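Visitor: take a look and give me a structure for this.
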Amino acid sequence: MSNPDLQKYTIVFSKSAKKFLDTLDKKNKQRTLKKIRELQSNNKNLDIKKLKSRYTLFRLRVGNFRVVYSIKHERVIIYIIAIGYRKDIYQHSNFA
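Guide: Below you'll find the model as predicted:
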């Protein structure tokens, strides 16, 4: 039996998360994608917090950006729900 902690999680982006990434300059896009890739195998050293929400959501801090995601351990998938600026991401969300 395989241990889910040793498996690499698949990253799935929402349409709005992809759209926001496409608006970023090359440096910020690469930095954000690097942090998201780190979620796949190691999240112990990342700035992650559980959101106070009716859903089981987490946020990853990447400079002035926030990545909101959920994890489906049984499917070994990380769903990237939203990416946005720190000041905007929580106010204009439909996941709160």
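Visitor: buried residues in the helix or strand containing Gly84?
Guide: Using DSSP states H and E, Gly84 sits in strand 77-85. Across strand 77-85, burial judged by 16 or more other Cβ atoms under 10 Å covers Ile78, Tyr79, Ile80, Ile81, Ala82, Ile83, Gly84. Glycine gets a C-beta too; all of them are placed from N, C-alpha and C.
Visitor: which ones are touching the fourth one?
Guide: Read it as Ile81. Neighbour list for Ile81: Ser14, Ala17, Leu57, Val68, Tyr69, Ser70, Phe95 [criterion: Cβ atoms under 8 Å, 6 or more residues apart in numbering].
Visitor: bridging residues for Tyr79?
Guide: Here Tyr79 sits in beta bridges with Val12, Ser70, going by DSSP bridges.
Visitor: kindly provide the distance from it to Lys27.
Guide: Plainly put, Tyr79 is 25 Å away from Lys27 if you go by Cβ to Cβ, to the nearest Å.
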